[in-house]
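Visitor: Can you look at this prediction? I've put the sequence above it.
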Amino acid sequence: MIGDPYSERVRAMFDAPAHAGVLEGASTVTVDDQGVRIQLSADAADGSIKAMRFLAWGCPHVIAAAEAVCAGYEGRAASDLDVFRAAELMQSLAVPTEKSGRILVIEDAVRSLGAILRGISGSDS
Amino acid sequence: MSSDKRLVYLDYAATTPVDSRVSETMAALLGEDADFANPSAIHAAGRRSGAHVARAAAQLASLLNTQPERFIWTSGATESNNLAILGAARHREHRGRHLITMLTEHKAVIDVFRALERQGFDVTWLEPDQRGVLDIAVLEAAMRDDTQLVSIMHVNNETGVRQDIARIGECCRGHDVLLHVDAAQSVGKLPIDLSRLDVDLVSMTAHKLYGPKGVGALYIADRPGVHIEPIMFGGGQQRRLRPGTLAVPLIAGFGQAADIASDQIPDDLTHLTTLRSRLWDGIREIPGVQLNGDLETSYPGLLNVSVDDIEGESLLLALEPLCVATGSACNSHNQDPSYVLRALGRSDSEAQSAIRFSLGRPTRPSDIDFAVSQYQDAVAKLRAMAPDRAA
């Protein structure tokens, strides 16, 4: 393979992940699988996500994907987390198919966070 | 790096820029008025082209203290390795089909031996010690009555670790076994005196020593029993071992690069030793940093380090605009953990976080200082972004 393995969007989000960090006291979920560690935390009120942050250990596509998730869900309904699709995110970031397993770890984290916000399962923080 | 002045290139083990003196030599051999004729032709124009090839062979022979007629020109070290290993194994297979190499060889050697295994040859894969060095006793123990060929690289392309080719050669000679050395990372970089070494076949390439890409050579020792079979067919050039019209400008460039290296090696080694110390001193105190290889036994232009709990692909991207390598740059899009570092006892995680800094003649102290700063910042950034393992 010759050429840039990263799209411009991935590079921009990896270079400046504005949503990297932790929200103290927020609902938090951590998933560790497929060589990826992802932690998502969200402040929600009145069914709406006010702020969302991530921590991630993984390849640049994972970090960019986590940043894209956090940036994309702020201001949206918490219930939208339940219908998150990794495939759409992979397409928008031009993630290679061999990394689909890693992005599915993010899907698991997003869905788990949605469940926590709906009070279906307990938060891990 | 004229296309982007911001880039800092520390990947000289992958390839080097062409020295301006080399490119001038090559340019003089291109164009309508240049000596373009086939150097194998016996007419006057052919003889003029042939003189450039002869001069290059003499320059390369001078660098390595051997005779000019000992070289076969190839397209690079990969082809040289293929020709040497396949050619020697096939020529001697009537005597035996046991071959020996190391787990830490370059893919251009590993994959050739894998192909021979599929053809029924029996290959013993030697493990290095934790520094990456081959213990001669391990080689000695692997020798059998039917062993025909040993292939050991001189300088490892990932760690820079040097093997003791002199002692390995003595061991092989004692068993009447051919020794092939992949010297792609050492020819033109370290002093090599082939007249004093018991080596039979040596692979080399121009683009690692400030010469052009696309040309290499295979040294074949002048002693009884050292013969190889051709692996390509189509003409009688080069003692019927490697057909095809010779690429005179590339070969002349290779010769010029060898000629420059003959004078430059001592200064290069002093320069690189100073810079590598500066680099290692700058990053060794970062918590979790681990040296891969051994500073004492390695070529000074190369430093390979791992760092705890950092994902290697992200580290490589965070280091930009620093141009370095993870694992072998010959396949740098493959993010699998380095098999070389795994053979040195590193874990998958340690091997996957490894960065190879390789320094060159043009590297300046300010490049090293930039590399140190980038590495410190990249590690700090990625650690700050990572959730705790136990979370």
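Guide: That came through, no problem.
Visitor: Spatially central residue in chain A, please.
Guide: A:Ala66 (3.4 Å; C-alpha atoms, centre = their mean).
Visitor: What's the per-residue pLDDT of the closest residue to that one other than its chain neighbours here?
Guide: Among residues not flanking A:Ala66 along the chain, A:Phe54 sits closest, at 4.0 Å (C-beta to C-beta, 6 or more residues apart in numbering or on different chains). All C-beta spots, glycine's among them, are computed from the backbone N, C-alpha and C. A:Phe54 carries a pLDDT value of 98.
Visitor: what is A:Phe54 paired to in the beta sheet?
Guide: A:Ala20, A:Leu40 (DSSP bridges).
Visitor: And for it, the neighbour number?
Guide: Counted with other C-beta atoms under 10 Å in any protein chain shown, the neighbours of A:Phe54 add up to 27.
Visitor: got it, and B:Gln352?
Guide: So B:Gln352, with other C-beta under 10 Å, has 23 neighbours.
Visitor: one step back: the residue nearest to the centre of chain A belongs to a strand, doesn't it?
Guide: No - counting by DSSP: H, G, I helix; E, B strand; the rest coil, one finds A:Ala66 to be helix, located in no strand.
Visitor: quick one: it and A:Ile106 touch, right?
Guide: Yes - at 6.2 Å, A:Ala66 counts as touching A:Ile106 under the criterion of C-beta atoms under 8 Å.
Visitor: Could you pull up the contacting residues of residue 18?
Guide: Picked chain A for this. By C-beta atoms under 8 Å, 6 or more residues apart in numbering or on different chains, the residues touching A:Ala18 are A:Glu67, A:Ala71.
Visitor: Please refer instead to chain B.
Guide: B:Met26, B:His207, B:Tyr210, B:Gly211, B:Pro212, B:Gly253, B:Ala257.
Visitor: With chain A as the reference, measure out to the last one.
Guide: For B:Ala257, the distance to chain A equals 25 Å [C-beta to the nearest C-beta, to the nearest Å].
Visitor: Spit out the contact partners of that residue.
Guide: Here B:Ala257 is in contact with B:Val18, B:Asp19, B:Val22, B:Gly188, B:Ala206, B:Leu209, B:Tyr210, B:Gly211, B:Pro212 (criterion: C-beta under 8 Å, 6+ apart).
Visitor: do that again at 10 Å, thanks
Guide: Contacts for B:Ala257 were tallied using C-beta atoms under 10 Å, 6 or more residues apart in numbering or on different chains; they are B:16, B:18-19, B:21-22, B:25, B:56, B:59-60, B:63, B:187-188, B:206-212, B:215, B:264.
Visitor: In a markdown table, list the contacts of B:Val18 along with pLDDT.
Guide: Formatted as a markdown table, those follow (pLDDT from 0 to 100):
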| residue | pLDDT |
| --- | --- |
| B:Met26 | 98 |
| B:His207 | 98 |
| B:Tyr210 | 98 |
| B:Gly211 | 98 |
| B:Pro212 | 98 |
| B:Gly253 | 98 |
| B:Ala257 | 98 |
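Visitor: Okay, strands next: where are they in the chain?
Guide: Just going to use chain A. For chain A, the strands defined by DSSP state E cover A:27-33, A:36-45, A:48-57.
Visitor: oops, chain B please
Guide: B:8-9, B:71-74, B:98-102, B:122-126, B:147-151, B:178-182, B:201-205, B:216-220, B:289-292, B:302-307, B:322-323, B:355-358.
Visitor: export these to a markdown table and tack on mean pLDDT?
Guide: Converted to a markdown table, these look like this (pLDDT from 0 to 100):
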| stretch | mean pLDDT |
| --- | --- |
| strand B:8-9 | 98 |
| strand B:71-74 | 98 |
| strand B:98-102 | 98 |
| strand B:122-126 | 98 |
| strand B:147-151 | 98 |
| strand B:178-182 | 98 |
| strand B:201-205 | 98 |
| strand B:216-220 | 98 |
| strand B:289-292 | 96 |
| strand B:302-307 | 97 |
| strand B:322-323 | 97 |
| strand B:355-358 | 97 |
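Visitor: and the residue of the stretch 101-250 of chain B found nearest chain A, what pLDDT?
Guide: Using C-beta to the nearest C-beta, the closest approach of the stretch 101-250 of chain B to chain A is made by B:Lys213 at 14.1 Å. Looking at B:Lys213, its pLDDT stands at 98.
Visitor: count of neighbours near it?
Guide: Neighbourhood size, B:Lys213 [other C-beta under 10 Å]: 16.
Visitor: Same question for the one 3 residues further on.
Guide: The tally of other residues near B:Gly216 (other C-beta under 10 Å) stands at 29.
Visitor: and it, what does it touch?
Guide: B:71-81, B:83, B:184, B:187, B:203-208, B:250-251, B:254.
Visitor: Looking at chain A, which helix is longest?
Guide: helix A:100-117 (DSSP state H).
Visitor: Please point out which parts of that one sit buried.
Guide: For helix A:100-117, burial by neighbour count (16 or more other C-beta atoms under 10 Å in any protein chain shown) applies to A:102-117.
Visitor: show me where the stretch 201-350 of chain B has helices.
Guide: B:248-283, B:312-318, B:339-343, B:348-352 (DSSP state H, counting those that start in this stretch).
Visitor: Which of those helices sits closest to B:Ala386?
Guide: Closest to B:Ala386 of those is helix B:312-318 (C-beta to C-beta; 9.5 Å).
Visitor: CA atoms of that closest one as PDB?
Guide: Extracted C-alpha coordinates of helix B:312-318, given in PDB (Å, rounded to 0.1, in the frame of the first residue of the first chain):
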ATOM      1  CA  GLY B 312       2.500   2.400  18.100                       C
ATOM      2  CA  GLU B 313       0.500   3.600  15.100                       C
ATOM      3  CA  SER B 314      -0.800   6.600  17.000                       C
ATOM      4  CA  LEU B 315       2.700   7.300  18.200                       C
ATOM      5  CA  LEU B 316       4.000   7.400  14.700                       C
ATOM      6  CA  LEU B 317       1.300   9.800  13.600                       C
ATOM      7  CA  ALA B 318       1.700  12.000  16.700                       C
END
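Visitor: which parts of the worst-scoring helix or strand of chain B on mean pLDDT are buried?
Guide: None of the helices or strands of chain B scores lower by mean pLDDT, DSSP states H and E than helix B:348-352, at a mean of 89. For helix B:348-352, the neighbour count (16+ other C-beta under 10 Å) marks B:Ser349, B:Glu350, B:Ala351, B:Gln352 as buried.
Visitor: Redo the residues you listed as CSV? Include distance to B:Ser306.
Guide: Formatted as CSV, the buried residues of helix B:348-352 follow (distance: C-beta to C-beta, whole Å):
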residue, distance to B:Ser306
B:Ser349, 8
B:Glu350, 4
B:Ala351, 7
B:Gln352, 8
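Visitor: low-confidence ranges in the chain?
Guide: Here I'm looking at chain A. Applying pLDDT under 70 to chain A picks out residues A:1, A:120-125.
Visitor: my bad, chain B
Guide: B:1-5, B:327-335, B:390-391.
Visitor: Got the domain ranges for it?
Guide: Chain B is divided into the following domains under automatic domain parsing: B:8-16+B:265-385, B:20-260.
Visitor: Kindly reformat those as a markdown table containing distance to A:Ser48.
Guide: Formatted as a markdown table, these follow (distance: least, C-beta to C-beta, whole Å):
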| stretch | distance to A:Ser48 |
| --- | --- |
| domain B:8-16+B:265-385 | 26 |
| domain B:20-260 | 51 |
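Visitor: Can you check which of those gets nearest to A:Met13?
Guide: Per C-beta to C-beta, nearest to A:Met13 of the domains of chain B: domain B:8-16+B:265-385, 11.4 Å.
Visitor: tell me the contacts of B:His150?
Guide: Actually, residue B:150 is Val rather than His. B:Val150 touches B:99-102, B:124, B:126, B:139, B:142-143, B:168-169, B:171-172, B:175, B:177-181, B:200, counting by C-beta under 10 Å, 6+ apart.
Visitor: wait, B:Leu99
Guide: B:85, B:88-89, B:92-93, B:112-113, B:116-117, B:121-125, B:146-151, B:177-178, B:180.
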